[in-house]
Structure formats: C-alpha cells, structure tokens
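# here is a sequence together with a model predicted from it:
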Amino acid sequence: MKSHTKYLVFNTKQRREYLNITNEVADAVAESGVKEGLALVSAMHITAAVYVNDAEDGLIADIDEWLEQLAPTRPDYRHHQTGEDNGDAHLKNLLLHHQVLLPITNGRLDLGTWQQVYYAEFDGQRRKRLIIKIIGE
C-alpha cells in the first residue's frame, strides 16, 4: 500500500471565504501514484471546513447565507468570554464538517459531474493549513 501526504496553506483576505481546491487535490492524487484508493482532505483548524458541492456562485452565496442564519456572527457567544471572537466560526465548522473522503479510480479523483472540493474559511486573515492524505495501491 502506498501513502502520500500534501499540505496546503491558506491566508485568506477575508474572514469568510470559499476556495475551490479541486485542482490541488487532483494534483496531489497524481503526485501520489495511487491508482485505486482514497484521498482524505481535512482542514487542520476548527474554524474551517471542507465540503463537496457544485461550483456555482449563487449556490456558494446561498451556503454562506444559510450558515450565517444558523450560526450568525454576534458578540454574545459564551466562547467569547475566553477572549476569542470566533464563536460563529466554530459552529459553522460543525455544520459543514472538517473533512471529506474521496475515491480514487484509475489514478484520478472519481467525482460526480458537478462535484468540486471546497475549503471554507470562517475565521481567516491568518495562516491556516489543510492536509491531503492519500492511501491505496
């Protein structure tokens, strides 16, 4: 069994951003030499998420609005009593989750027609990391 690890580093310009990282994940799969296996893509911070969905600007705006409705930015989170100001970012992470597991078939990501891999940042403007861990034959 082969394994391959790649890290991506982000420093977003805004506090909340949605970055399409499909090409970077596909590049890691190609670098790995794995023909049949799995790629784990995982945010290494608890205020970011990784998800799979369509790369359509209206949908991305809808996702951002939905997350803001469910976990609004506001000053009264108990977490803020610790000196932090990112309580909403932690909750948004829980809604989208921090990782996805993707199939590799014939040496390529095996995604559906419209599926794209996204890194969602909810507490940005500082250095953050993501890990891509690939295993297989």
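Yep, that arrived.

# from residue 117, how far off is residue 127?
Shown here: residue 127 relative to residue 117, a distance of 21 Å by C-beta to C-beta, to the nearest Å. (C-beta placed from N, C-alpha, C; glycine too.)

# who has more neighbours out of these two?
Taking other C-beta atoms under 10 Å, residue 127 and residue 117 do not tie; residue 117 has more neighbours (24 against 10).

# quick one: the helices in this protein?
Assigned by DSSP state H, the helices in the chain fall at 22-32, 57-70, 87-96.

# what's the most buried one of the ones you listed?
Highest mean neighbour count among these (mean count of other C-beta atoms under 10 Å): helix 87-96, with a mean of 20.

# which helices and strands sit right next to that helix?
Judged by 3 or more C-beta pairs under 8 Å, 6 or more residues apart in numbering; DSSP states H and E, helix 87-96 is in contact with strand 48-53, helix 57-70.

# quick check: residue 10 touching residue 125?
No - counting by C-beta atoms under 8 Å, residue 10 stays clear of residue 125, with 10.3 Å between them.

# so where's this structure shaky on pLDDT?
Across the chain, nothing is flagged by pLDDT under 70.

# any idea how far residue 70 is from the spatially closest residue to residue 109 that is not a sequence neighbour?
In space, and not counting its chain neighbours, residue 109 is closest to residue 26: 5.1 Å by C-beta to C-beta, 6 or more residues apart in numbering. Note on residue 26: its distance to residue 70, by C-beta to C-beta, is 31 Å.

# equivalent analysis for residue 80, please.
18 Å.

# ok, back up a step: now the helices of the chain as a markdown table including distance to residue 136?
Putting these into a markdown table (distance: least, C-beta to C-beta, whole Å) gives the following:
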| stretch | distance to residue 136 |
| --- | --- |
| helix 22-32 | 8 |
| helix 57-70 | 30 |
| helix 87-96 | 26 |
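
# of all those, which one is nearest residue 4?
Among the helices of the chain, helix 22-32 comes nearest to residue 4, with 3.4 Å by C-beta to C-beta.

# give the other helices and strands that the closest one contacts.
Counting by 3+ C-beta pairs under 8 Å, 6+ apart, helix 22-32 packs on strand 2-10, strand 37-43, strand 108-109, strand 116-121, strand 128-136.

# having no further points to raise, I will conclude here.
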